[in-house]
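Asker: Only the shape, not the letters, is given here:
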């Protein structure tokens with residue numbers, strides 16, 4: 001779960017909100033915002049030792065400079081995405097493999113250059129072991145939207 005706001009040209013970049021890399025810098029798991037395709041991507045190590053990516057396309061609502069809350073629930077065979085407390089979609093995943101946590105956890109880094117930070121505001125982030133937690137969350141921390 002993460003509540004954040006993109007600033008300036010971060011909206012059009014491909015960047016990782018959060019990721020785990022091993023000692024050699026190889027991706028293990030993470031959450032990527034793809035400004036080129038206006039998609040959110042969750043990636044994790046598969047049981048076969050290869051990185052698998054689940055893509056949620058068509059999320060133009062996310063690519064602006066407003067505050068948003070993104071939550072994903074990762075279960076044995078599926079990933080569920082919530083944006084601003086609304087369920088968006090669920091996608092199947094293959095078996096999950098072990099994640100090597102001996103490296104680093106990175107926040108707000110370019111996908112092509114993990115040494116380069118992106119400009120964004122992070123209100124809070126929570127990594128929790130309950131895949132159903134997002135269903136019980138509220139979005140009280142988001143600013144109220146004006147009803148037209």
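Answerer: Looks like it arrived, so ask away. Because the structure is a prediction, the values reported are computed rather than measured. Numbering: from 1, shown residues only.
Asker: Low-confidence ranges, the chain, go.
Answerer: Along the chain, the parts satisfying pLDDT under 70 run over 145-148.
Asker: element containing residue 98?
Answerer: Secondary structure assignment for residue 98, by DSSP states H and E: no helix or strand.
Asker: Beta-bridge partners for the closest residue to it other than its chain neighbours, please?
Answerer: Counting by CB to CB, 6 or more residues apart in numbering, residue 45 is the residue found nearest to residue 98 once chain neighbours are left out, at 6.8 Å. C-beta here means a position set from N, CA and C on the backbone, and glycine is covered the same way. With DSSP bridges as the criterion, residue 45 is bridged to residue 51.
Asker: Strands along the protein, start to end?
Answerer: Shown for the chain, the strands assigned by DSSP state E span residues 2-6, 14-21, 27-34, 39-45, 51-56, 67-74, 78-83, 86-92, 104-110, 120-125.
Asker: can you put these in a markdown table and add distance to residue 143?
Answerer: As requested, the strands of the chain are arranged in a markdown table below (distance: least, CB to CB, whole Å):
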| stretch | distance to residue 143 |
| --- | --- |
| strand 2-6 | 10 |
| strand 14-21 | 20 |
| strand 27-34 | 20 |
| strand 39-45 | 21 |
| strand 51-56 | 23 |
| strand 67-74 | 6 |
| strand 78-83 | 15 |
| strand 86-92 | 16 |
| strand 104-110 | 21 |
| strand 120-125 | 11 |
